[in-house]
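> Sequence first, then the predicted structure:
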Amino acid sequence: MSSTQVIRTAKAGTTEPAWVRFTLIGIALGFIFLFLVLPLAAVFTEALRKGADAFIGALKEPDAWSAIRLTLLIAAIAVPMNLVFGVMAAWAIAKYEFRGKAMLTTLVDLPFSVSPVVSGLIYVLMFGAQGWFGPWLQAHDIKIIFAVPGIVLATIFVTFPFIARELIPLMQAQGTEEEQAAMVLGATGWQTFWHVTLPNIRWGLIYGVILCNARAMGEFGAVSVVSGHIRGQTNTMPLHVEILYNEYQSVAAFAVASLLALLALVTLVIKSWVEWQFERDQKAAASLPPERPLAPSPV
Amino acid sequence: MSVGLPPETASRRSPKRVLPGFKLTLGYTLFYLCLIVLIPLSALVLKTFTLTWEQFWAAVSSPRVVASYQLTFGASLIAALVNAVFGLLVAWVLVRYPFPGKKIIDALVDLPFALPTAVAGISLTALLASNGLIGSLIEPHGIQLAFNRNGVVIALIFIGLPFVVRTVQPVLEDAEKELEEAATCLGASRWQTFRHVIFPTIGPALLTGFAMAFARGVGEYGSVIFIAGNMPMVSEITPLIIIGKLEQYDYAGATAVACVMLIASFAMLLLINALQSWQRQRSGAKA
C-alpha cells in the first residue's frame, strides 16, 4: 500500500460520500436561509417599502427620537451596573474557594431562566401601587413603576448574568498564579487587577458587554410590564415598534426595527471579531517559548 | 520571602487567599444579587402565599389558563425537537464540512440572541401573513402559518436555534477522530459509526441544548405575541395570560400564574444543570 492510499482510506473513514455532504450542507443552508436570513432581510425591505423618504421621516418623529434616547439611557445605566457586578462576582467565584460556590454560580444564572414577563412582574409586586413599597413610594412622590427607574431595574434583571457568566469560566481557567506573582513583586491589589487580570480577561469582558448591551437595548417582555407605554416618556425602542405596528404604521414600525436589527448585526460583527482576536492571542501564547509561557500579548 | 506583601496577608491567611478583595467582591456580589434578583423573586413567592389555596387553584387551573399551558409547553416541545434535529445538522455541517461563506453562517447562527424579540416577531409575521413572501406562497395550499399555533412554533424555532448549535458545536469539535477511524477499521459503516460512536459522544450536549431551547421557549413573549393571533383558548401563551391579568389589575391571579411559571423554570434550570454536569463527566472520563 502506498502512502497516498493509506491517507485516502483514513479520510474515507471519517467523512461521508460527496453527495451526502452536499445534501447535508444544502439542508442546513436552506434552514438557515429560511429561519435567519429571510426574517433579517424582511426587516429592511419592509422598512424601505415606501422609499427612503418615508423611512427617514419615520425616524425623525419626536416619539421615535425620545424612544431612541430612552433606550440609550437605559443601556448606559444597566450595562455598567452589570459590568461592575460581573467583574466582582467573577473575581470572588474564580479566585477563591468557599462553601456554597456552586450554589452562588447557579443563582447568578437564575435570571436567564425566568420568563421576561415574570421578571417585570416581580418589580411591579415590589414597587407598584399595590406592591410592598407602593404606599411608601406614593407618600414620598417617587415613581418607579410606569417610569424610567422601573425600566432600568427590569433591564438590569434580564441582563444580570451576561458579563459574569463570560468572565467566571475565563478567570477560573487562568488561575491565580499571575496575580500571586504580581502581589509578591509588590503590586497593590488594584495594580494587580488593572495590569495583570484586566488584560487577561479583556476579550471576555468586551464579549460580555456587547451581548449585555444588545439584550439591554432590545428587551421587550420585562420592560413592557413595567413601562406603562407612555409615548415620549417611557417608551423604549422595542415598545415603540410594538405601538407603531399595532397602529398599522408598518413602515414606521419597521424603520425603528431596522435600527435594532442594525444593532444586532453590529453586535454579531464585534462578537466574531472578538472571538477571532481571542483565538489569535491563545495561539500566540501557545507558541511562546516555555520559559515565558505566561507573557501577555502586545496590546 | 514575603517582601511587599502586607504582613497580615502573609501570615494569617491560607495561600489561596493571598489575593486581596475576597470580602469586598463576595460581599458586593451577594448584596447586588439579593437586591436585584433574590428579594424581588421572593416578593413573588410571598405574594403567592397571601392567597388562599382555593384562590390560587382557581387562578392557575381555569380552562383558559390550562389551554395556555398546553400551547406554551406543547409548542416549546415541538420547536425544541425541530431545533434538536436541525441544530445538530447545522452544527455538524459547520464543524465537519468546508464550504464558502462558512464564517458568515457561523456568525449568523447567533442572530436570535442579538436580534430584539419584538423585531423578530414583526418580521416573521410580515413574512408569514397571507400577503407576506412565504405566506402568499403557502396559503393557497390551505396551510395558514401566521396568527395561529403554527406561528407560535415558528417563532420559538427561531428563538431556540442557537442554543442547540452552540452546545453541540464545541463537543463535536473536540470529538476524537481516532475513534471514528477505529470504528471504520473494524468494519463499521459510516452510519453505524455515527449511531454508535459519534452520537453517544454528543448525546448529552444535544440533550442540554434541547432543554435550553425548550426552557427559553416556555418563557418567550416578545417574538410570539405578534405572530400568534392571541385568541383565548387557541393561541394565547401563558406569559400573555399574566399580562392580561395585570392589565385588569388582577394582581393575585397574575402572581399565581407567574408562580407556576417560576416553578417550571426552576425545575428546568435544575435539569439543565444536571445535564451539564453529566456532559462534563462524560467528556472528562474520555480525556
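Received, thanks.

> So is the strand or helix carrying A:G30 next to chain B?
Assessed by DSSP states H and E, A:G30 sits inside helix A:18-32. Yes - remark: helix A:18-32 sits within contact range of chain B at A:R21, A:L24, A:I25, A:I27, A:A28, A:L29, A:F31, A:I32, by Cβ under 8 Å from any Cβ of the partner chain. All C-beta spots, glycine's among them, are computed from the backbone N, C-alpha and C.

> Please name the spatially closest residue to the fourth one (chain neighbours excluded).
Going back to what we said before, that points to A:I27. Nearest residue to A:I27 in three dimensions, chain neighbours excluded: B:L89, at 6.2 Å (Cβ to Cβ, 6 or more residues apart in numbering or on different chains).

> Name the residues of the stretch 151-287 of chain B found near chain A, please.
B:157-158, B:161, B:177, B:180-181, B:183-185, B:190, B:193, B:215, B:218-222, B:226, B:239-240, B:242-243, B:246, B:251, B:254-255, B:258, B:261-262, B:265-266, B:268-269, B:272-273.

> any low-confidence regions in the chain?
Because you didn't say which chain, this covers chain A. By pLDDT under 70, the low-scoring segments of chain A are A:1-13, A:289-299.

> not what I meant, chain B
B:1-18, B:284-287.

> the longest helix in it is where?
Criterion DSSP state H: the longest helix present in chain B is helix B:251-286.

> Tell me which residues of it come out buried.
B:251-262, B:264-265, B:268-269, B:272, B:275-276, B:279, B:282-283 (16 or more other Cβ atoms under 10 Å in any protein chain shown).

> what do you get for stretch A:232-242?
Neighbour counts over stretch A:232-242 (16+ other Cβ under 10 Å) mark A:T234, A:N235, A:T236, A:M237, A:P238, A:L239, A:H240, A:V241, A:E242 as buried.

> I'd like to know how many residues surround residue 113.
Just so you know, I chose chain A. For A:S113, the neighbour count with other Cβ atoms under 10 Å in any protein chain shown is 22.

> other chain: chain B
B:F113, neighbours per other Cβ under 10 Å, totals 19.

> Can you give the distance from the longest helix of chain B to the centre of its chain?
Relative to its chain's centre, helix B:251-286 lies at 10 Å (Cα atoms, centre = their mean, to the nearest Å).

> Which strands or helices does it pack on?
Using 3 or more Cβ pairs under 8 Å, 6 or more residues apart in numbering or on different chains; DSSP states H and E, the elements in contact with helix B:251-286 are helix A:101-113, helix A:116-127, helix B:39-49, helix B:53-60, helix B:149-174, helix B:199-219, helix B:238-247.

> Tell me which residues touch A:L107, please.
Going by Cβ atoms under 8 Å, 6 or more residues apart in numbering or on different chains, A:L107 touches B:L33, B:V37, B:L38.

> out of those, which touch chain A?
B:L33, B:V37, B:L38.

> Could you dump those residues into JSON lines with distance to B:L124 added?
Listed next are those as JSON lines, based on distance: Cβ to Cβ, whole Å:
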{"residue": "B:L33", "distance to B:L124": "35"}
{"residue": "B:V37", "distance to B:L124": "31"}
{"residue": "B:L38", "distance to B:L124": "35"}
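
> thinking again about what came up before, would you format the contacts of A:L107 as CSV with distance to B:P200 and neighbour count included?
Listed next are the contacts of A:L107 as CSV, based on distance: Cβ to Cβ, whole Å; neighbours: other Cβ atoms under 10 Å in any protein chain shown:
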residue, distance to B:P200, neighbour count
B:L33, 38, 20
B:V37, 37, 21
B:L38, 39, 13
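
> Between the residues you listed, which sits nearest B:I143?
Closest approach to B:I143 among these (Cβ to Cβ): B:V37, at 42.9 Å.

> Around A:Q130, how many other residues sit close by?
By other Cβ under 10 Å, the residues close to A:Q130 number 12.

> Nearest residue to it in space, please, no chain neighbours.
With Cβ to Cβ, 6+ apart as the criterion, A:Q130 has its nearest non-adjacent residue at 5.7 Å, and that residue is B:Y251.

> got it, and B:F226?
Closest to B:F226 by Cβ to Cβ, 6+ apart is B:G121, at 3.6 Å.
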